[in-house]
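Enquirer: Got a predicted structure here, sequence first:
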Amino acid sequence: MNLVVIGAQWGDEGKGKIVDYLAGESDAVVRFSGGANAGHTIVAGGERFALHLIPSGILYKDKVVILGSCMVIDPKALFEEIAMLESKGVSVSGRVFISDRAHIVLPQYIKTDKEQDAKRKLPIGTTGRGIGITFSKKSERSGVRIADLDWNEMLEELTEEDRVFLLSYKNRLRDMAVNITSYLSRKKNARILFEGAQGALLDLDCGTYPYVSSGISSAAGASAGGGLGPRALDKVLGVFKAYSTRVGAGPFPTEFKENQESEDSLCSYIRETGREYGVTTGRPRRCGYLDLVALRHACRANSIDSLVMTHLDVYDELPEIKACVSYDINGETTEDFPASIPALNAAQANLKTFPGWKKDISGASSFENLPREAKDYIKFIEEYCETPVGVISIGPDRKQTFLREKIWS
Ligand code: GDP
Ligand code: IMO
Ligand code: MG
């Protein structure tokens, strides 16, 4: 069975935590998109791990992990991450493979990414990891893939600096290279977990373009980057937070307003309680109410079979909770998520209020254990999004998770 996990908002929904949790019953984990712009956090056995390129199944010593074809890989960041894992006692030897079709991020691309974003009239606020430049080189057909490391005529076209950089990693990268399609096709009856990065609203096509990343972070990316066709994917899970966050620039209709005292203090509360600071850049994340208009768009555009709700515990102390159920845009009310940036910037969120539960739920072990108010909030989300909430996370630890349905079936 093949299971896809994507972010259903603007990234940082808790994908790393959920993939790590589900990986326990998988045979292999394939990361299918993005690069070192991602920051996936796992908390297990009292230790915290921040992963950027390595798939979130690595902590189980019997699991194989694969960096997929639509990833963009900075070799320096990759080997630093491997060294970090080994220093924490995680043996990675013989368990980490890279699709030979994945593209390589060159040092010059990182410099250009930072310079280009700083010069833009409307900066995106990229992570400065060379992601957009690597993807544009790929589209221009001037990129370098793992498979190209043995193609001398192509390497001769590069600058001396890039060639020296690549050659210093060539042998180590070649040892990890794999034909992902052949490899996965041979794993009959295996449970493969496809791990997304970023989120549906940061996807180049499905998201808030141009305020997006450059890869396919929607579910479609699992087949493009995972090496198997779309009919090989059995189930799509969409991870979302009980509220919304985003890092970098771009429209955010439900963002807490700094000039409204109650929303500003709610923002500080959520940012501190939910530790809403970027794993890759350390930037404080922008915070806002849960946006159901955007979440339903993500469900529909990605065939999400089940939602995974994280950070429900962050609401424990609040007397009430609000979620956006429609937008007013220039005098018209809509429940559809627009493509136009001016329309999204003009959108006024219509909020529905739910009573809070004012209890610590971080130890809950089933849906039935949750306070009635929390259950009602979840049921409303399911009805609005026409999608069940199959997994609930009530804290950062691997153990603070429970299922409402059989996932691997
Ligand atoms: P990812 O990029 O989607 O993997 O998410 P990040 O790791 O960037 O950000 C999620 C943050 O929330 C991390 O600090 C996690 O440890 C934490 N986290 C994950 N799930 C929960 C949850 O249910 N409750 C709380 N309080 N924190 C969570
Ligand atoms: P994970 O996988 C949150 C955002 C950046 C910026 C935009 C473009 O941890 O959820 P890029 O460097 O990709 O060209 O930046 O996308 N961004 C993310 N935001 N989580 C991520 O990954 C992100 N990856 C990129 O902040 O706004
Ligand atoms: Mg993250």
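Expert: Yep, that arrived. Ligands and ions are numbered 1, 2, ... in the order given.
Enquirer: and whatever residue of the stretch 201-350 of the chain ends up closest to ligand 2, how many residues sit next to it?
Expert: Closest contact between the stretch 201-350 of the chain and ligand 2, by Cβ to the nearest ligand atom, is at Gly248 (2.1 Å). In short, each C-beta sits where N, CA and C put it, glycine included. Neighbour count for Gly248, taken as other Cβ atoms under 10 Å: 22.
Enquirer: could you list every residue that touches it?
Expert: Counting by Cβ atoms under 8 Å, 6 or more residues apart in numbering, Gly248 makes contact with Ile124, Gly125, Thr126, Thr127, Tyr211, Arg283.
Enquirer: Repeat that for Glu195.
Expert: Glu195 neighbours (Cβ under 8 Å, 6+ apart): Val5, Lys15, Val19, Val29, Val30, Arg31, Phe32, His40, Pro55, Ser56, Gly57.
Enquirer: What strand or helix carries the fifth one?
Expert: To tie it back to what came earlier, the one meant is Val30. Remark: Val30 resides in strand 28-31, with elements defined by DSSP states H and E.
Enquirer: ditto for the first one
Expert: Assigned by DSSP H and E, Val5 belongs to strand 2-7.
Enquirer: How about the helix or strand following that strand, which residues are buried there?
Expert: Downstream of strand 2-7, the first helix or strand assigned by DSSP H and E is helix 15-23. Neighbour counts over helix 15-23 (16 or more other Cβ atoms under 10 Å) mark Lys15, Gly16, Lys17, Ile18, Val19, Asp20, Tyr21, Leu22, Ala23 as buried.
Enquirer: Tell me the gap between the strand holding Val30 and the middle of its chain.
Expert: 14 Å (Cα atoms, centre = their mean, to the nearest Å).
Enquirer: Run through who's touching the helix or strand following it.
Expert: Later in the chain than strand 28-31, the nearest helix or strand by DSSP H and E is strand 40-44. Residues from elsewhere that reach strand 40-44, judged by Cβ under 8 Å, 6+ apart: 14-17, 19-20, 48-52, 56, 59, 195, 197, 279, 396-398.
Enquirer: thought Val105 was touching Gly130?
Expert: Yes - shown here, Val105 and Gly130 form a contact pair, counting by Cβ atoms under 8 Å, at 4.4 Å.
Enquirer: Please identify every residue contacting each of these two.
Expert: In contact with both Val105 and Gly130: Gly35, Val72, Asp74, using Cβ under 8 Å, 6+ apart.
Enquirer: Where do the helices of the stretch 301-409 of the chain begin and end?
Expert: Secondary structure of the stretch 301-409 of the chain (DSSP state H, counting those that start in this stretch): helices located at 341-346, 372-385.
Enquirer: And the contacts of the last one?
Expert: So that's helix 372-385. 242, 290, 292, 295-296, 299, 307, 309, 312, 315, 321, 323, 325, 352, 354-357, 361, 367, 370, 388-389, 392.
Enquirer: can you check the shortest one too?
Expert: With contact meaning Cβ under 8 Å, 6+ apart, helix 341-346 is reached by Thr208, Pro210, Tyr211, Gly250, Pro251, Pro253, Ile329, Asn330, Pro338.
Enquirer: Just the buried residues of it, please?
Expert: Ala343, Leu344, Ala346.
Enquirer: ditto for stretch 332-340
Expert: Residues of stretch 332-340 classed as buried: Phe337, Pro338 (neighbour count, 16+ other Cβ under 10 Å).
Enquirer: what sits up against that stretch?
Expert: Tyr209, Val293, Ala294, Arg296, His297, Val325, Ser326, Tyr327, Ile329, Leu344, Ala347, Asn350.
Enquirer: Hey, what's the angle from the lengthiest strand in the chain to helix 372-385? Just curious.
Expert: In the chain, with assignment by DSSP state E, the single longest strand is strand 320-329. Counting by axes from the mean of the first three to the mean of the last three Cα atoms, to 10 degrees, strand 320-329 lies at 20 degrees to helix 372-385.
Enquirer: Check Val279 and give its pLDDT.
Expert: In this model, Val279 is scored at 84, pLDDT.
Enquirer: Tell me who's in contact with the residue in the stretch 101-250 of the chain that ligand 1 sits nearest to.
Expert: Ligand 1 sits closest to Val239 of the stretch 101-250 of the chain, with a gap of 6.4 Å, by Cβ to the nearest ligand atom. Contact analysis of Val239 by Cβ under 8 Å, 6+ apart lists Val5, Ile6, Gly7, Ala8, Glu13, Gly14, Lys15, Ile18, Leu307, Val308, Thr310.
Enquirer: So what sits opposite it in the bridge?
Expert: Beta-bridge partners recorded for Val239 (DSSP bridges): Gly7, Val308.
Enquirer: how close does it sit to Lys61?
Expert: Going from Val239 to Lys61 by Cβ to Cβ, to the nearest Å gives 25 Å.
Enquirer: before we move on, what about Asp162?
Expert: 36 Å.
Enquirer: who's more crowded, these two?
Expert: Ranked by neighbour count (other Cβ under 10 Å), Asp162 and Lys61 place Asp162 first, with 17 against 9.
Enquirer: re earlier: now the contacts of stretch 332-340 in JSON lines, with pLDDT and distance to Glu261?
Expert: Converted to JSON lines, the contacts of stretch 332-340 look like this (pLDDT from 0 to 100; distance: Cβ to Cβ, whole Å):
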{"residue": "Tyr209", "pLDDT": "98", "distance to Glu261": "34"}
{"residue": "Val293", "pLDDT": "98", "distance to Glu261": "26"}
{"residue": "Ala294", "pLDDT": "98", "distance to Glu261": "26"}
{"residue": "Arg296", "pLDDT": "98", "distance to Glu261": "31"}
{"residue": "His297", "pLDDT": "98", "distance to Glu261": "31"}
{"residue": "Val325", "pLDDT": "98", "distance to Glu261": "24"}
{"residue": "Ser326", "pLDDT": "98", "distance to Glu261": "25"}
{"residue": "Tyr327", "pLDDT": "98", "distance to Glu261": "24"}
{"residue": "Ile329", "pLDDT": "98", "distance to Glu261": "26"}
{"residue": "Leu344", "pLDDT": "98", "distance to Glu261": "25"}
{"residue": "Ala347", "pLDDT": "98", "distance to Glu261": "22"}
{"residue": "Asn350", "pLDDT": "98", "distance to Glu261": "21"}
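Enquirer: Which single one of these is nearest to ligand 3?
Expert: Nearest to ligand 3, judged by Cβ to the ion, of the contacts of stretch 332-340 is Ala294 at 17.7 Å.
Enquirer: Please consider this matter closed, and thank you.
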